[in-house]
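In: Sequence and predicted structure are below.
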Amino acid sequence: MNEVHADDSPTLPWRHSALNVLLALILAVGLGALAGYFAGNSSSETAHNNVDTGFLQDMRIHHEQAVVMATIYLGAAPNGNSTLRTIARGILLEQQMETGRMVQLLRMFKAAETNESDQVMGWMGTPIPLSRMPGYATDAELEKLYQSRDAQADELFITLMIAHHKGGVHMAEYTVENGKNKEVIAFAELIVESQTSEVGELTRLQAR
């Protein structure tokens, strides 16, 4: 009688698996709680321009994918690099917190809480499809990460997250130079600093 091994079980594509339930719960619970927390911390300063709102709307999408990537990686690499797993957990927490802040700023501006068009980056003067957003991973890349394990997952996650962070820094730097609202500019500066630092950490891990 043939033995059944764990590796013989079918693997569903990431977007059709139970993992999606976890991702939805993380986003729904995290964003709901954090939006409520930040609701009491809004400023009376509401002057803003299209760069401010466009950045917040598109960066929200960008951050949500980073949360998805980190969640997929943590599930795929239970025995992965311990430092990298710590970085991934930090991304889960920090980017959900930052997403809550972006939602609150958009509410303060009485703007749509997400980009409702089929184009992104219009606020930078270069409207493009979402699939071409700087650093945005494709479904195929996410699927490959989901199918990978441990050391291979480490390598893929590092590669994807470096590109993702560099894209986010590019968007944030443009906002620092062209935004109007002081809170949005300060937020963009924070993203430049934190994600540049993480790119450095990830690059060092990649070189080992």
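Out: Alright, I've got the coordinates.
In: hey, where'd the helices end up in this structure?
Out: 19-39, 50-76, 82-108, 139-147, 150-178, 182-207 (DSSP state H).
In: Format those as JSON lines; extra columns: mean pLDDT, mean neighbour count and distance to Ser117.
Out: All C-beta spots, glycine's among them, are computed from the backbone N, C-alpha and C. Listed next are those as JSON lines, based on pLDDT from 0 to 100; neighbours: other CB atoms under 10 Å; distance: least, CB to CB, whole Å:
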{"stretch": "helix 19-39", "mean pLDDT": "52", "mean neighbour count": "14", "distance to Ser117": "21"}
{"stretch": "helix 50-76", "mean pLDDT": "98", "mean neighbour count": "22", "distance to Ser117": "9"}
{"stretch": "helix 82-108", "mean pLDDT": "97", "mean neighbour count": "19", "distance to Ser117": "15"}
{"stretch": "helix 139-147", "mean pLDDT": "98", "mean neighbour count": "16", "distance to Ser117": "20"}
{"stretch": "helix 150-178", "mean pLDDT": "98", "mean neighbour count": "20", "distance to Ser117": "16"}
{"stretch": "helix 182-207", "mean pLDDT": "97", "mean neighbour count": "17", "distance to Ser117": "20"}
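In: Nearest to Thr114, out of those?
Out: Of all the helices of the chain, it is helix 50-76 that lies closest to Thr114, at 5.7 Å by CB to CB.
In: Counting by contacts, list what that closest one packs against.
Out: Judged by 3 or more CB pairs under 8 Å, 6 or more residues apart in numbering; DSSP states H and E, helix 50-76 is in contact with helix 19-39, helix 82-108, helix 139-147, helix 150-178, helix 182-207.
In: and the angle from the longest one to helix 50-76?
Out: With axes from the mean of the first three to the mean of the last three CA atoms, to 10 degrees as the basis, helix 150-178 and helix 50-76 are set at 170 degrees to each other.
In: for the last one, same thing?
Out: With the same axes, to 10 degrees as the criterion, the two stretches helix 182-207 and helix 50-76 enclose an angle of 30 degrees.
In: I'd like to know which elements helix 182-207 is packed against.
Out: Against helix 182-207 (3+ CB pairs under 8 Å, 6+ apart) you get helix 50-76, helix 82-108, helix 150-178.
In: repeat that with 6 Å
Out: helix 150-178 (3 or more CB pairs under 6 Å, 6 or more residues apart in numbering; DSSP states H and E).
In: what's the answer for the second one, then?
Out: Contacts of helix 82-108 with other secondary structure elements, assessed using 3+ CB pairs under 6 Å, 6+ apart, are made with helix 19-39, helix 50-76.
In: mind running it again at 7 Å?
Out: helix 19-39, helix 50-76, helix 150-178, helix 182-207 (3 or more CB pairs under 7 Å, 6 or more residues apart in numbering; DSSP states H and E).
In: which stretch among the ones you listed comes nearest Pro129?
Out: Across the helices and strands packed on helix 82-108, closest to Pro129 is helix 50-76 (CB to CB), at 12.1 Å.
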